[in-house]
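**Q** I'll drop the sequence and a predicted model, then ask my questions.
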Amino acid sequence: MLILKPKFEFEVSVEAELTPDLAEKGLEEIRSFKVWYGKLEKSLEELFEIEMQGDEKKLVLDGDFSKVKWIGAGMSEGEIVVKGNVGANCGAYMKGGRIVIEGNADDWLGAEMKDGEIVVKGNAKNLIGCAYYGDVTGMQGGGITIEGNAGNYIGEKMAGGVIEIKGSAGDFIGTEMKGGEIVIHGDCGFVGGDMKGGIIKIGGNFDLLPTFRKAEDGWVGDVLVNGEGKIVKI
C-alpha cells in the first residue's frame with residue numbers, strides 16, 4: 001500500500017495520473033515519478049510525503065487533493081482511497097478497480113469509464129460519466145455512486161453502466177443518453193434531451209421535455225431522435 005500526503009497547500013493544479021500501479025513500483029521509482037505542478041514538471045517526492053506499507057495494490061491519498069487532476073485515470077485494478085476532496089477527471093477512462101472518495105469530487109468524474117466502481121461520500125460537480133468534448137460516447141460500464149448531491153450534465157452520451165445520486169442533481173440529466181441507468185433519489189432539472197436509450201429513475205421533482213410520450217410506467221423518448229429511452233418516477 002502506498003500512502004501520499006501533500007507537503008504543502010497547492011497554489012495551482014497538479015496533473016498526476018496516480019493509480020494503484022504505483023504501489024507495485026520500487027520506492028526510488030515512486031519518488032522520481034513525474035507530475036506537473038502548473039507548467040513545471042516535478043517529481044512526486046517534491047510535492048508529496050511518501051510512505052509504503054506492505055504489498056497491497058492500494059493507493060491512499062491523505063489530505064486535500066482538490067487541485068490534483070486525473071487521479072485513477074485509466075486504472076484497471078486495485079483500489080484508491082481519497083481521505084479528502086479530489087480534483088477533476090478522477091476515474092476518467094477507468095477500466096476496473098475501485099475508487100472511494102471520502103470528501104467531494106470535481107467535474108468529469110468517471111468520464112468515459114468502461115468498468116470499475118467509484119463511490120463519493122460527499123458531493124460531486126458536473127459532467128459525471130460524460131463524454132469529453134468532441135467524443136461521441138460517455139460512460140460504457142461500471143458504477144458511480146454519489147452519496148450527496150451532483151451538478152449538471154450527468155451521464156451525457158452515456159452508453160452503459162449505472163450512475164446513482166442519493167441526493168439531488170442539476171439540469172440536463174442524460175442528454176444524448178444511449179444506454180445504461182441513472183438513478184436520482186432527490187430532485188433535478190430537465191432530463192433526457194435527445195435521449196436515444198437507457199433509463200432514468202427519479203425520486204423527486206424534475207422537468208420533463210414535451211418530446212416524451214406517456215407510457216404505462218413512465219415516459220418514452222426523446223421522439224425528436226426516435227429515441228426509446230425511459231424516464232420513470234420512483
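**A** Sure thing, it's come through.

**Q** could you pull out the helices for the protein?
**A** Assigned by DSSP state H, the chain shows helices spanning 27-31, 44-47.

**Q** Quick check: which of those is nearest to Glu77?
**A** Evaluated with C-beta to C-beta, the helices of the chain place helix 27-31 nearest to Glu77, the distance being 18.0 Å. Glycine gets a C-beta too; all of them are placed from N, C-alpha and C.

**Q** which of the residues in the closest one are buried?
**A** Ile30 (16 or more other C-beta atoms under 10 Å).

**Q** Equivalent analysis for stretch 90-109, please.
**A** For stretch 90-109, a neighbour-count test (16+ other C-beta under 10 Å) marks 90-94, 97-109 as buried.

**Q** Kindly report the same for stretch 47-57.
**A** Going by neighbour count (16+ other C-beta under 10 Å), the buried part of stretch 47-57 is Leu47, Phe48, Ile50, Lys57.

**Q** who are the neighbours in contact with Glu9?
**A** Contacts for Glu9 (C-beta atoms under 8 Å, 6 or more residues apart in numbering) come out as Asp64.

**Q** distance of the residue nearest the centre of the chain from Tyr132?
**A** Centrality entry for the chain: nearest residue to the mean C-alpha point is Leu109, 2.2 Å, by C-alpha atoms, centre = their mean. Leu109 sits 13 Å away from Tyr132, going by C-beta to C-beta, to the nearest Å.

**Q** do the same with Ala124
**A** Plainly put, Ala124 is 17 Å away from Tyr132 if you go by C-beta to C-beta.

**Q** Give me the more crowded residue out of those two.
**A** When neighbours are counted by other C-beta atoms under 10 Å, Ala124 comes out ahead of the other of Ala124 and Tyr132, with 31 against 14.

**Q** Rebuild the helices of the chain as JSON lines, extending it with mean pLDDT.
**A** JSON lines is the format used below for the helices of the chain (pLDDT from 0 to 100):
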{"stretch": "helix 27-31", "mean pLDDT": "96"}
{"stretch": "helix 44-47", "mean pLDDT": "98"}
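
**Q** No more questions from me, cheers.
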